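Q: give me coordinates for this.
(4 chains)
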4 protein chains.
Amino acid sequence: MARQAGRHFLQIPGPSAVPDRILRAISAQTIDHRGPAFAEVGRQALSGMQSVFKTKNPVIIYPASGTGAWEAALVNTMSEGDRVLMYETGHFATMWMKMARKLGLEPEFIEGDWRGGADPERIEARLSADREHAIKAVCVVHNETSTGSVSPIAEVRRAIDAAGHPALLMVDTISGLASIDFRFDEWGVDVAVSGSQKGLMLPPGLSFNAVSETALEASRSARLRRSYWDWEDMLGPNANGYFPYTPATNLLYGLVEAVAMLHEEGLDHVFARHARHGAATRAAVRAWGLEVLCRRQGQESGVLTAAVMPDGHSADAFRATVLRHFDVSLGNGLSKVADRVFRIGHLGDFNDAMLLGTLSAIEMGLGKAGVPHRGGGVDAAMAALDGRQEAPAVS
Amino acid sequence: MARQAGRHFLQIPGPSAVPDRILRAISAQTIDHRGPAFAEVGRQALSGMQSVFKTKNPVIIYPASGTGAWEAALVNTMSEGDRVLMYETGHFATMWMKMARKLGLEPEFIEGDWRGGADPERIEARLSADREHAIKAVCVVHNETSTGSVSPIAEVRRAIDAAGHPALLMVDTISGLASIDFRFDEWGVDVAVSGSQKGLMLPPGLSFNAVSETALEASRSARLRRSYWDWEDMLGPNANGYFPYTPATNLLYGLVEAVAMLHEEGLDHVFARHARHGAATRAAVRAWGLEVLCRRQGQESGVLTAAVMPDGHSADAFRATVLRHFDVSLGNGLSKVADRVFRIGHLGDFNDAMLLGTLSAIEMGLGKAGVPHRGGGVDAAMAALDGRQEAPAVS
Amino acid sequence: MARQAGRHFLQIPGPSAVPDRILRAISAQTIDHRGPAFAEVGRQALSGMQSVFKTKNPVIIYPASGTGAWEAALVNTMSEGDRVLMYETGHFATMWMKMARKLGLEPEFIEGDWRGGADPERIEARLSADREHAIKAVCVVHNETSTGSVSPIAEVRRAIDAAGHPALLMVDTISGLASIDFRFDEWGVDVAVSGSQKGLMLPPGLSFNAVSETALEASRSARLRRSYWDWEDMLGPNANGYFPYTPATNLLYGLVEAVAMLHEEGLDHVFARHARHGAATRAAVRAWGLEVLCRRQGQESGVLTAAVMPDGHSADAFRATVLRHFDVSLGNGLSKVADRVFRIGHLGDFNDAMLLGTLSAIEMGLGKAGVPHRGGGVDAAMAALDGRQEAPAVS
Amino acid sequence: MARQAGRHFLQIPGPSAVPDRILRAISAQTIDHRGPAFAEVGRQALSGMQSVFKTKNPVIIYPASGTGAWEAALVNTMSEGDRVLMYETGHFATMWMKMARKLGLEPEFIEGDWRGGADPERIEARLSADREHAIKAVCVVHNETSTGSVSPIAEVRRAIDAAGHPALLMVDTISGLASIDFRFDEWGVDVAVSGSQKGLMLPPGLSFNAVSETALEASRSARLRRSYWDWEDMLGPNANGYFPYTPATNLLYGLVEAVAMLHEEGLDHVFARHARHGAATRAAVRAWGLEVLCRRQGQESGVLTAAVMPDGHSADAFRATVLRHFDVSLGNGLSKVADRVFRIGHLGDFNDAMLLGTLSAIEMGLGKAGVPHRGGGVDAAMAALDGRQEAPAVS
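A: Here you go, the predicted model:
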């Protein structure tokens, strides 16, 4: 096949395109992970991640995908047969639930319609009914990558407290962290799970647990078997910037750079930028006459936007058209919404011109693929970015 | 200043943004430029450049900017006081003329209005009048980077021949080569001048002379002083892939990669892509109600488009607005058109989504800067890219 | 601290210094791990690893350290309370044994003196005594990174067969693979464990299981809880070059490059080079009057050499001296031999001049640190490399 | 050919091996050389070079090889037919002399034996005899790259002053700068010429002129034709960090990094390191029973050492052996000493272990190539590095 000119637009909702600064950082020569120079790298990575999670509690860094950090959250705190309350916000919540089952837990799944975040009231109701406190943890996905909906974590904490329930609050913020606001300490999260390849702008290969004092306490009596994921083994060497086994040194170089970049921009600016791009993208989608999958106002994600295809049109065929003609990668619909939605990632190291380039390619792609739509999406996005009236929602 | 997120859009008409493949290539370790491994690099670079110039004649590679290759073209072929016929297509033609004067030549400058390429008829008329053949060379800029106009080189050759004149044909294709078609042998060019940082997608630092047999012959009697630029010194070692003095090894790595990339895409595809982007950009400019500087039909450049600002509005202030708000660099107006035009580069490693991102930023910037304009430029560009009717020119 | 000039010598027994080609490969932009371009990367990585393990069986690639692949080998094949026969070749064998215990297995540990590889006769004796076949697996470290001793894997397989025992043969070749010969299929290994940062010349962050048909069969009834490490989940998507969760894309780019480099050199050349460097290093150590930790002839490692410090001298103080004065990192003694040995890594992308630079720094460091020794170590190494008589052993 | 493992040792006297930090710096994306972000790069590069030349006078940076900066020094200060006094220290002094002749000057060449630096007494004698001050400049090579001899620049200035002669002092410190001490202002140099690929640790492609007030004054009346090299055109834009034509942006990124690295180490440490490595190398050469080409005590270079081959043995055949067997590149003998000497570069980003690796390869190579020699060169180098008695010179 002939080479396609120009930059690829990696507009899936993660991995996000890695900035050159980070690519250069990870291409530095590997050093001795037991030597004196490493300690500084380790310390910066660990304390940097605390600043990103907004926590004074320990953050554990695994050489692993986000999936590994899901597993770590569960095996460090739970015992065989423990009941965990999980919330069906979409595909990834479902995957985490299935993992809990594989690991020997008893997940209870609050059914959702994939079109919004978790509902704290339903969580509170369920916990209130759990008089014996059989439920050991509440597991919620912060930013559901399969749908583009955000769960209100602070309210989930309030719901747990309102129910007077001791369950741990575990939050998957794999695609939320460093793109939309997350406050581990202030929100009373017990275990947060994240990964490197989204808002952190790194290649995949690192994942994280932030761990509250309560969670650490729980880990001491939790009896699920664990070794690689064991928090306890990590904490000792981490205190000096080291790791119990060989860390992914080069990705840590990138992590240190990424945290620096986030603070150079300012986390609040990062969050505002993602929110603004989310709003502009929704304006475009609606102008095209397509529906935004997330329909709960205020829960639309700044990380990605899932757009619903008109009936009878394949989202995957459309994505293939956009990729072939414009070299723009869009995210596919997963399981329940397979082939019915396409997802536009607008996360990570991103700006207005990149967003408008992306939306232009989609708008042209809708035409090329013969998908019924109206024009004017890019115009609507420009208006939204400009702070002019957002285009009205599809009726 | 806070960090700006996302990729910078380097949309000046060169340097063009360097593709990652090339940046990685130039970051390989430097090797012995006299050792056996180097010969292969040198040979590939030299023969690769022949394929790009479309010539079987020698190409000289200088560790220098394009300006150096201008000088090389003159000092290798001319003697003190020689008369050269040059054509005022814009700022760069003027600069080359001034250089000729500094080097002791007698340039004769055919006046132009900066709104089109060179006119072969005027050249033919002048040469026909030069009965004693005092004129030793005709110097024309192929793609005038300051205006976005293209000169018809093959026709200039025909004009020289029609006048039965022995003058050498020297062509500056610094910003034309590898973006718009150029055929050294077929078009009968004697010396072509080019640089690395435009269609070749490299950082600046390499420049080129392609040299015809006639030009080589002329160099044997030319008496301008030369050493660094001397073709003769180059040709011997070049035959084996070596250079008479230390070459810019790492940029040569990039050059080999660049030539490979051009052929992977196919030169004809590269040219068609640039032409298509030029047309779409002009459609946008006209939709905004702005004038395209080049007004000679068929001579508009695929490399860049210069847009004329409405009276009373500063092009430089506008460019600063676009840079500050959208991190998009545009080219400034030079000398005669300073502050009156801005130039949009659409050359090098570029694609539709990047172009539309660029044009979106300009459209939004026109609003932010309070420049009177109509909307719809991006829409017009999409229509043009789509092969739908190009928007009609501003009346 | 003032900058130290020149290249750092990373002569620990892994991570080994990463070649520039691989560093550049991992710095390529991350792509969509579900898109069409990724499949080729995935396929090349997977089939490449089969060629390195010398197997037609599946190889599993984890985004994880080698420690993770240890865990994967156990949790995929074993059930709570299963007995595994492990062999104390050194620190890493001990760590694997402790992991087995943490995961709920009953390891039986054949005691060793850390000065040689596993003894197949002792394994055969133990298995023969296990009439009820309570032992489910024999776990042996191929190249013990803490001591520089190699276990004879093919003979261990023969010992198991001679005992007519059905136990699986699991081999940790984390630091052996791609440095010393390993033949998964021919030697009848059931599960092999390896990592990226040794002979594969990559940064840490990838690890591997090669899996025999027998091991796969065992995994179907094994009841240890597993999710991230589950082979079954991997095999489906792997068939098309994909992974069930986000892989460490950029390290996979490096892996593809690493496998290409190994085959460009030729695996047999790679092995011969390591063996030759091991012999030269031992010649140096003995010339200095120090003892090589491995004292079983024919089991000395080509990957690293552990040298025993004279009584009363701290190996760690010596290593710090060498690092400070010569910017050469050496490996430390671990647990039982802490501070008593230092380890010289001579693995990965390495050559004679690098080895002799390393040994020179050590020879000078012995002087600076006031360690009693004889000169002539570098001379002895040069003689050994030259094929001249290796210096006679100490005493 | 099979791949050679390990790092190549680029031990020619320039280009020196480029440190990874610099390779990464030059792989950053090219920016607009007329935009606001560039000014900072330009200013840092220009003021950084002043600190390296130890001058408050302007430094001119050319996108060119060192050869170009030779030409620039001459064409900016001289007129057709001007007499210049040059000193035959070796091949490069000869090349500069030939260039002067090509450019229309009348070089007078003080004959030398290629075994030491310039002799200030002979220069003083010649200038004293030049009563009419026909000589316009004295041109001396600081570190003669072809021989490894250093000329005493401060003494040459004293000689000129003692003769009461107004000639400009022009110094080629292409391979001296940033490796051995150079003090433009203190030593009263008028024009210094340097290049990027030696002590500055960059790839080739940048070169420099430092320019005194006197030289600038001279340039105003100098009548050699110049354009690309014209200092005057540079000084205006340089004042704000810009350049009159497109600079080699990516090499400038590397230059900024290089200057930072030199100051992190400390220039005095850099010079001491080179001197120490020169002494150790000479100790090795003499221990082998070979002669050091430079035989004037105190003028031996810290940058490179040229060793004389025994009669009847080809230096080039020997170098090929070392390259083939050990992947170490050595410099060849040039013109008068072609095939009779080999040159060992010990400049740039270099340390003890790299030097000893290099010398080990040479020592083994002498054996492989059948060159009569004694062993013990590496031992002698280690003793010299250690501050122990340097081996006595060959009798």
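Q: and the residue of the stretch 201-350 of chain A found nearest chain B, what is it in contact with?
A: Per CB to the nearest CB, residue A:264 is where the stretch 201-350 of chain A lies closest to chain B, at 3.8 Å. In this view, the C-beta of every residue, glycine as well, is placed from N, C-alpha and C. Contacts for residue A:264 (CB atoms under 8 Å, 6 or more residues apart in numbering or on different chains) come out as B:2-3.
Q: so how far is residue A:21 from it?
A: Computed as CB to CB, to the nearest Å, the residue A:264 to residue A:21 distance reads 10 Å.
Q: okay, and the common contacts of these two?
A: Joint contacts of residue A:264 and residue A:21 (CB under 8 Å, 6+ apart) do not exist.
Q: you'd agree residue A:140 is in a helix?
A: No. According to DSSP: H, G, I helix; E, B strand; the rest coil, residue A:140 belongs to no helix; its state is strand.
Q: so where do the helices sit in the stretch 51-200 of chain A?
A: A:66-77, A:91-102, A:120-129, A:153-162 (DSSP state H, counting those that start in this stretch).
Q: actually the stretch 251-395 of chain A, not the one I wrote
A: Under DSSP H, counting those that start in this stretch, the stretch 251-395 of chain A gives helices at A:267-287, A:315-326, A:352-368, A:377-385.
Q: how about the strands of the stretch 1-150 of chain A, start to end?
A: A:9-11, A:59-63, A:83-87, A:106-110, A:135-141, A:143-144, A:149-150 (DSSP state E, counting those that start in this stretch).
Q: right, so these: which one is the most enclosed?
A: strand A:143-144 (a mean of 34; mean count of other CB atoms under 10 Å in any protein chain shown).
Q: give me the contacts around that strand.
A: A:89-93, A:114, A:117, A:149-151, A:173-176, A:179-180, A:301, A:303.
Q: repeat that with 6 Å
A: Strand A:143-144 is contacted by residues A:89-90, A:150, A:175-176, A:301, A:303 when judged by CB atoms under 6 Å, 6 or more residues apart in numbering or on different chains.
Q: and if you look at stretch A:265-280?
A: Contacts for stretch A:265-280 (CB under 6 Å, 6+ apart): A:179-181, A:262, A:300-302, A:346, A:355, A:381, A:384-385, B:2-3, B:5.
Q: from these, which single one is nearest residue C:141?
A: Checking those against residue C:141 by CB to CB gives residue A:262 as the nearest, at 41.5 Å.
Q: how about the residues of chain A near chain B?
A: A:2-3, A:5-6, A:9, A:264-266, A:326-328, A:349-354, A:356-357, A:360-361, A:364, A:378, A:382 (CB under 6 Å from any CB of the partner chain).
Q: neighbours of residue A:171, just the number please.
A: Using other CB atoms under 10 Å in any protein chain shown, residue A:171 has 29 neighbouring residues.
Q: what bridges to it?
A: Beta-bridge pairing of residue A:171 under DSSP bridges involves residue A:140, residue A:192.
Q: pull the contacting residues for it.
A: Residues near residue A:171 by CB under 6 Å, 6+ apart: A:140, A:142, A:153, A:189, A:192.
Q: test my guess that residue A:198 contacts residue A:14.
A: Yes. Using CB atoms under 6 Å, residue A:198 is in contact with residue A:14, at 4.0 Å.
Q: near chain C, which residues of chain A?
A: So chain A meets chain C at A:12, A:15, A:18, A:23, A:27, A:30, A:32, A:35, A:63-65, A:67-68, A:71, A:99, A:102-104, A:203-205, A:225, A:227-228, A:245-246, A:248-250, A:329 (CB under 6 Å from any CB).
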